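J.: Okay, here's the prediction I keep looking at, along with the sequence it came from:
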Amino acid sequence: MTRRHLSRRSLLLVGLAAVPLCLTAIAAPAEALSGKIREFPVPTASGGAIGITAGPHGNLWFTEGIGNKIGRITPAGTITEYPVPTPNSIPHSITAGLDGNLWFTEINSNQIGHINPTGDHTVTEFPVPATTTSPFGNLFDITAEPHGGSLWFTEGAANKIGQLR
C-alpha cells in the first residue's frame, strides 16, 4: 500500500470510530410527540393569548394582549392570570430571564415588564426611551442573552434593537 492509501484508510477508521460518539450526542426525546393536540381555554373571554415561554417549576407563562394580563399554566392545565398595571398595554412576547423573572414586552405602552414567578407575582414595568409608535405598537419580541444576563428586544416602529441590562 502506498502512503496515500494509508492516509485515507486511517481517516476512514478515525471517522468510523467517531460515529458512536456523534450518535450518543443526539439523545432521543423523553417522550415522542403523538401529534394529538389538547387545548386549554384562557379564563378571560377574548383574552387574546399571544406569546408563551417555559418558566420555573415546569409551568408555562403566556401573554394575553387584549386581556392585559400575564397567564401561567401548570403541567396539569390549571391557568392563573395576573393583571398588568398599565391599562391597555397589550403584553406581547415573553421570555424567561436569567434572574428568574418572566420578562415581557408591552406593545401599546412602550414598556418592558417582568413578573416574579414565585411569591406574590409582582409585575414591574420599565419604560423604553424610544417614543416612536405605530398603529401596531412598537415593542415586539424579547429574548434573554444566554450568558450575559441582558435582555434584548425589538422596537419595530423605532427601527431599533434594545438591550435591558
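T.: On my side now, so go ahead. Numbers count the residues shown, from 1 in each chain.

J.: hey, let's count contacts and neighbours off CA atoms from now on
T.: Noted.

J.: Quick check: bridge partners of the residue positioned nearest the centre of the chain?
T.: Geometric centre of the chain, nearest residue: residue 95, 3.6 Å, by C-alpha atoms, centre = their mean. Residue 95 has these beta-bridge partners by DSSP bridges: residue 103.

J.: got the contact list for stretch 70-90?
T.: Identification of contacts with stretch 70-90 by C-alpha atoms under 8 Å, 6 or more residues apart in numbering yields 40, 42-43, 58-69, 91, 106-110, 121, 123.

J.: Residue 118: neighbour count?
T.: Other residues near residue 118 come to 11 when the count uses other C-alpha atoms under 10 Å.

J.: Please tell me the pLDDT value assigned to it.
T.: pLDDT, residue 118: 89.

J.: how close does it sit to residue 105?
T.: 20 Å (C-alpha to C-alpha, to the nearest Å).

J.: Then residue 69?
T.: Using C-alpha to C-alpha, we find residue 69 at a distance of 12 Å from residue 105.

J.: Of these two, which one has the most company?
T.: The neighbour comparison of residue 69 against residue 105 (other C-alpha under 10 Å) goes to residue 105, with 31 against 26.

J.: low-confidence ranges in the protein?
T.: Counting by pLDDT under 70, the ranges of the chain that qualify are 1-30, 130-136.

J.: separation between the closest residue to residue 164 other than its chain neighbours and residue 115?
T.: Closest residue to residue 164 apart from its sequence neighbours, by C-alpha to C-alpha, 6 or more residues apart in numbering: residue 151 at 5.0 Å. Using C-alpha to C-alpha, we find residue 151 at a distance of 14 Å from residue 115.

J.: Ok, residue 56 next?
T.: Distance, residue 56 to residue 115, by C-alpha to C-alpha: 12 Å.

J.: neighbour count winner among these two?
T.: Each of residue 56 and residue 115 has its neighbours counted (other C-alpha under 10 Å); residue 115 has more, 21 against 13.

J.: Distance check, that one against residue 68.
T.: Computed as C-alpha to C-alpha, the residue 115 to residue 68 distance reads 13 Å.
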